[in-house]
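Asker: need coordinates for the following:
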Amino acid sequence: MPQLEVDGAALTYDDEGPRDGAAAPLVFIHGWTANRHRWDHQIAHFAGHRRVIRLDLRGHGESTGAGVKTVAELAQDVVALLGHLEVDRFVPVGHSMGGMISQTLALAHPERVERMVLVNSIGRMTYSRGRGLLMAASTLVPYRMFVATNIQRAFAPGHPREEIREYIRASAATPREVVMTLYGAMRAFDVLDRAAEITAPTLMVHGYHDIQLPVGQMLRMAKAYPDAEVRIVDAGHELPVERPAELTATIDRFVTAK
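Answerer: Coordinates of the predicted model:
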């Protein structure tokens with residue numbers, strides 16, 4: 001289990017697959033309260049023929065570290081890891097908050113991002129007044145209830161309850177300070193007005209039933225991108241584990257396209 005010390009955090013990561021291929025490594029970045037194992041299906045598929053890298057973001061999974069106030073700080077952690085691994089060009093694959101990190105990387109380092117995949121992610125957090133009040137109120141309830149409510153809402157109706165309970169337990173293990181600080185960081189995230197600057201070919205895959213980050217917000221973002229391909233899937237917000245095979249096949253087609 002390799003780790004890298006970065007600004008007071010020990011980042012746990014995996015670096016798998018062949019190094020001798022011409023294709024740029026895929027860098028998988030998980031979302032809020034999750035960990036690198038959200039990508040198990042995708043890693044198992046791609047590692048046989050392509051270099052793949054994934055990490056637990058600071059304070060998540062098996063990584064240590066306190067919460068940070070901006071998504072840009074998380075992006076700097078990814079840059080530090082890629083520097084340590086001597087990776088120049090890469091393809092970020094980001095889910096939810098990981099997609100926010102991916103967009104930040106594409107804006108800060110356009111010469112390094114060959115392509116990009118955004119899974120259930122958006123360029124600006126936008127709430128109706130009612131939902132904004134509901135989300136603000138949810139921060140006042142006990143921590144486990146806050147996590148449970150958000151994870152439960154993340155899955156499409158009908159997803160097995162026992163699986164959801166496992167994800168709730170894993171998410172609740174993330175320190176409260178990390179979760180709540182990054183909750184604020186996501187609410188402040190906004191790169192929508194700069195979307196036209198991201199020229200790397202981008203695949204946006206989104207769950208039709210996503211009520212955490214509604215599909216309409218993704219479509220608004222897609223319209224602003226110079227080169228975006230959109231796929232809408234019969235799933236909720238947790239596409240990597242709700243429809244793993246479908247997502248993996250969609251990513252594979254995109255990253256191997258000429």
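
Asker: looking at the chain, which strand is longest?
Answerer: strand 9-16 (DSSP state E).

Asker: enumerate every residue touching the residue nearest to residue 87 when sequence neighbours are not counted.
Answerer: Using C-beta to C-beta, 6 or more residues apart in numbering and skipping the chain neighbours, the partner closest in space to residue 87 is residue 25 (5.6 Å). Backbone N, C-alpha and C define where each C-beta goes, glycine included. With contact set as C-beta atoms under 8 Å, 6 or more residues apart in numbering, residue 25 has these partners: 17, 50, 51, 52, 53, 87, 90, 91.

Asker: distance-wise, check the second one relative to residue 189.
Answerer: Computed as C-beta to C-beta, to the nearest Å, the residue 50 to residue 189 distance reads 29 Å.

Asker: to what extent is residue 114 buried, counted in neighbours?
Answerer: Residue 114 is flanked by 17 other residues according to other C-beta atoms under 10 Å.

Asker: then the one 10 residues further on?
Answerer: By the criterion of other C-beta under 10 Å, residue 124 has 14 neighbours.

Asker: how about the closest residue to residue 62 other than its chain neighbours, what does it touch?
Answerer: Closest residue to residue 62 apart from its sequence neighbours, by C-beta to C-beta, 6+ apart: residue 12 at 4.1 Å. With contact set as C-beta under 8 Å, 6+ apart, residue 12 has these partners: 1, 2, 3, 36, 55, 56, 61, 62, 63.

Asker: and residue 183, what pLDDT?
Answerer: pLDDT for residue 183: 87.

Asker: what is the helix or strand hosting it packed up against?
Answerer: Under the criterion of DSSP states H and E, residue 183 resides in helix 176-188. When contacts are defined as 3 or more C-beta pairs under 8 Å, 6 or more residues apart in numbering; DSSP states H and E, helix 176-188 sits against helix 71-84, helix 97-108, helix 143-154.
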